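J.: Okay, sequence plus prediction incoming.
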Amino acid sequence: PDKFHQLLDDLLAFVDKADPRNRAFPNSTHKDTRFLLAYHLCKNTLLVTRDTDGEISGLALWYQFKGPWTWGQIDQWRVDDSEGKEIVFSHLIATNRAARETIIDEMRRRVKGSDSVNVTALRKNRIIKFSTKNADRFRNSERN
């Protein structure tokens, strides 16, 4: 549908503007990034935040697995497990603190039993645990 395509166009424009050094989607073409955004939109693992003017201010993509997981499971397009207790943020862009706060808060609302799940993220090709303490620290961070 047109609204779907328009959202993807808006998301790609946001990624280009908010991440000009292409840190969130390294080595990806626009076609690759569009496909990944569409994939996560279809499987309901895409969060989008908007500012008071309705402009996109952040986005996050994630995967949900029964642990232990490996990056190979993502590379192999393994289907997410809605009962899984391992959440992996694969891509996250936020233009400001409010956007990060909204992403973390919405993530907690969307994932069943989020207080008991392990949330991790990749940073510089290393897996880091996104504990409640670290999530709150990230949520309240002043840096973009």
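T.: Perfect, I can see it now.
J.: Let me see the ranges of the strands in this structure.
T.: Counting by DSSP state E, the chain has strands at residues 46-50, 56-65, 86-94, 118-123, 126-129.
J.: Just list the residues touching the residue nearest the centre of the chain, thanks.
T.: Compute the mean C-alpha point of the chain, and by Cα atoms, centre = their mean the closest residue is A60, 2.0 Å away. Counting by Cβ atoms under 8 Å, 6 or more residues apart in numbering, A60 makes contact with 46-47, 89, 91-94, 103, 107. Heads up, the C-betas are built off the backbone N, CA and C, glycines and all.
J.: 6 Å instead?
T.: 47, 92, 103 (Cβ atoms under 6 Å, 6 or more residues apart in numbering).
J.: Tell me what the second one is bridged to.
T.: For L92, the residues forming beta bridges with it (DSSP bridges) are A60.
J.: number of nearby residues for it?
T.: Other residues within reach of L92, judged by other Cβ atoms under 10 Å, total 20.
J.: Can you name the residues in contact with the longest helix along the chain?
T.: If you go by DSSP state H, the chain has its longest helix at helix 2-18. Residues outside helix 2-18 that contact it (Cβ under 6 Å, 6+ apart): 34, 37-38, 56, 93, 95.
J.: Kindly report the same for stretch 26-44.
T.: 8, 11-12, 25, 46, 61.
J.: and with 10 Å instead?
T.: Contact with stretch 26-44 is made by 4-5, 7-9, 11-12, 14-16, 19, 22, 24-25, 45-48, 59-64, 77, 79-80, 82, 90-91, 110, 125, as judged by Cβ atoms under 10 Å, 6 or more residues apart in numbering.
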